[in-house]
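J.: Any chance you can model this:
(2 chains)
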Amino acid sequence: AQTVTQSQPEMSVQEAETVTLSCTYDTSESDYYLFWYKQPPSRQMILVIRQEAYKQQNATENRFSVNFQKAAKSFSLKISDSQLGDAAMYFCAYRSGSTGNQFYFGTGTSLTVIP
Amino acid sequence: DAGVIQSPRHEVTEMGQEVTLRCKPISGHNSLFWYRQTMMRGLELLIYFNNNVPIDDSGMPEDRFSAKMPNASFSTLKIQPSEPRDSAVYFCASSATGGSYNSPLHFGNGTRLTVT
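T.: As a prediction, this is how the structure comes out:
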């Protein structure tokens, strides 16, 4: 089974600053998809951004962008101009492109935004 | 798109009682997943269905847990008898897999189960 590792249990950032959350994964596949989910205190799981492994260009959604390094099997999330509403748990997830029924999640990073 | 609908949102029950959690996936999604989230163990996959068929139930903790998907628009997760260690947030999620696997998981709002 693929493994997804988030090595930072907790992170903090000053409001309006930039923060990067790390995610690495282990796979022998070449075709797969990566996702970042946000879970605020309301506990709802919200999709933040997705990346297809076959695309070299890093995905971007407004203030959220990724740094996808396929060779290094790294998929970090950058949040620019951090806002108080960004405070949440962030989960990295992997989905196989060939047997895509399973999603593999990291253990999460708790992000605190300091006013 | 109404999203994935779970009920109830909160459930408090006494040890030994039967608990049934319900889920309606997004219309057209052919994969359905049940997850359990706790502080200690994080997000755990319990079981997932593809086209209403259980594919992998290796995450189901024990025989007290069972899940069904009688049709494409409804699934249940049942715990009988419930125990205090079953207290957790249970998520249902659905996804499309036809043609491409770039479809993300869409989560319901979860059911917070408390067993006293």
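
J.: And the pLDDT for the residue nearest the centre of chain B?
T.: Centroid check for chain B by Cα atoms, centre = their mean gives B:Trp34 as the closest residue, at 2.9 Å. Looking at B:Trp34, its pLDDT stands at 97.

J.: for B:Gly98, same thing?
T.: 60.

J.: Let me know whether B:Asn51 touches B:Leu32 as I believe.
T.: No - in this structure B:Asn51 lies outside contact range of B:Leu32 using Cβ atoms under 8 Å: 9.6 Å. Any C-beta I mention is one placed from the backbone N, CA and C, and that applies to glycine too.

J.: Which of those two has more residues huddled nearby?
T.: B:Leu32 (27 against 12; other Cβ atoms under 10 Å in any protein chain shown).

J.: excluding its backbone neighbours, what's nearest that one?
T.: B:Phe49 (4.6 Å; Cβ to Cβ, 6 or more residues apart in numbering or on different chains).

J.: quick one: the strands in the chain?
T.: No chain was given, so I picked chain A. A:3-5, A:10-14, A:19-21, A:24-26, A:32-39, A:46-52, A:60-61, A:64-69, A:74-79, A:88-96, A:103-105, A:109-114 (DSSP state E).

J.: ah, no, chain B please
T.: Remark: strands assigned in chain B by DSSP E are B:5-7, B:10-13, B:19-24, B:31-38, B:42-50, B:53-56, B:65-71, B:74-79, B:88-95, B:106-107, B:111-115.

J.: could you dump the ones you listed to CSV with distance to A:Cys23?
T.: Putting the strands of chain B into CSV (distance: least, Cβ to Cβ, whole Å) gives the following:
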stretch, distance to A:Cys23
strand B:5-7, 27
strand B:10-13, 31
strand B:19-24, 28
strand B:31-38, 18
strand B:42-50, 14
strand B:53-56, 23
strand B:65-71, 29
strand B:74-79, 28
strand B:88-95, 19
strand B:106-107, 19
strand B:111-115, 27
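
J.: confidence score at residue 50?
T.: Defaulting to chain A. 94.

J.: You answered for a different chain; I wanted chain B.
T.: 91.

J.: isn't it right next to B:Ser94, touching?
T.: No - B:Asn50 is not in contact with B:Ser94 according to Cβ under 8 Å; the separation is 10.9 Å.

J.: Show me which of the two is the more surrounded one.
T.: Remark: of B:Asn50 and B:Ser94, B:Ser94 carries more neighbours, 26 against 17, as counted by other Cβ under 10 Å.

J.: which residue is nearest the centroid of chain A?
T.: Centre-nearest of chain A using Cα atoms, centre = their mean is A:Trp36, 3.4 Å out.

J.: which residues of chain A score low on pLDDT?
T.: A:1, A:100 (pLDDT under 70).

J.: Pull up the residues of it that are close to chain B.
T.: A:32-33, A:35, A:37, A:43-45, A:47, A:50, A:52, A:91, A:93, A:95-98, A:100-103, A:105, A:107-108 (Cβ under 8 Å from any Cβ of the partner chain).

J.: And B:Pro8, how close does it get to B:Cys23?
T.: For B:Pro8, the distance to B:Cys23 equals 11 Å [Cβ to Cβ, to the nearest Å].

J.: Equivalent analysis for A:Asn67, please.
T.: 35 Å.

J.: Neighbour count: the two, which is higher?
T.: Neighbours were tallied for A:Asn67 and for B:Cys23 using other Cβ under 10 Å; the higher tally belongs to B:Cys23 (25 against 15).
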